[in-house]
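>>> Next come a sequence and a model predicted from it.
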Amino acid sequence: MTKKKEAHELKKRGRNPKVHDNAVLQDHLRGVRYLNQLTDEARRVISNSVKSYFEKNNKRKTFANKNMLLLVTSTSSVRDYKMVTIAICEGLNELLNSGKPIRSDTPEGAQYLTGEEAYQLREAIDAGYSKADLLKVIASIYPELKHSK
């Protein structure tokens, strides 16, 4: 007779999920809640990703593009939503990496932090920097800003 395995001895079943890192995209899209805040090209990426997924899988239902934008900026994952969200994120990441604007409220995204700038600030805050040190980090990101003391 074989011994029953403990819970920690059991192997996990199923396919290992592929991890997608969308931190840069989510940082860039922070504050975007409506499709009209995106450029035409970014909206086309979303709608084409939704259409191609459902045509490829012969499904009759579809998702509203507004809902997909909200999913891209959050962390939800249901199977169909997950696959479409991945396709949208890949398309928007390509646009972002090519230097094309995604947001329509600022053509070059100047008033928003880039992913690298957000990362630097996040690291400084997580490290417990003082207010003066945080101002130095901000000044290194935006040298044109002059902070009065």
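Perfect, thanks for sending it.
>>> Okay, helices next: where are they in the protein?
For the chain, the helices defined by DSSP state H cover 23-28, 40-56, 65-72, 79-98, 115-126, 131-141.
>>> What residues of the shortest one count as buried?
The neighbour-count check on helix 23-28 (16 or more other CB atoms under 10 Å) flags 24-28 as buried. (C-beta placed from N, C-alpha, C; glycine too.)
>>> any chance of these in JSON lines, plus pLDDT?
JSON lines is the format used below for the buried residues of helix 23-28 (pLDDT from 0 to 100):
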{"residue": "V24", "pLDDT": "79"}
{"residue": "L25", "pLDDT": "80"}
{"residue": "Q26", "pLDDT": "79"}
{"residue": "D27", "pLDDT": "80"}
{"residue": "H28", "pLDDT": "80"}
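>>> Now do the worst-scoring helix or strand of the chain on mean pLDDT: everything it contacts.
For the chain, using mean pLDDT, DSSP states H and E, the weakest element among its helices and strands is helix 65-72, scoring a mean of 71. Residues outside helix 65-72 that contact it (CB atoms under 8 Å, 6 or more residues apart in numbering) are 22, 25-26, 29, 32-35, 38, 43, 46-47, 49-50, 81, 84-85, 88-89, 92.
>>> what comes into contact with stretch 117-129?
23, 27, 113, 133-134, 137-138, 140-141.
>>> My guess is H28 contacts L96. True?
Yes: using CB atoms under 8 Å, H28 makes contact with L96 at a distance of 6.1 Å.
>>> How many residues are close by K56?
10 (other CB atoms under 10 Å).
>>> roughly how far apart are the residue nearest the centre of the chain and L69?
Centroid-nearest residue in the chain: Q26, 2.9 Å away (criterion: CA atoms, centre = their mean). From Q26 over to L69 the distance is 12 Å, taken as CB to CB, to the nearest Å.
>>> ok so, going back, out of the helices of the chain, the one nearest T2 is which?
helix 79-98 (35.2 Å; CB to CB).
>>> who does that closest one touch, helix- and strand-wise?
Judged by 3 or more CB pairs under 8 Å, 6 or more residues apart in numbering; DSSP states H and E, the packing partners of helix 79-98 are helix 23-28, helix 40-56, helix 65-72.
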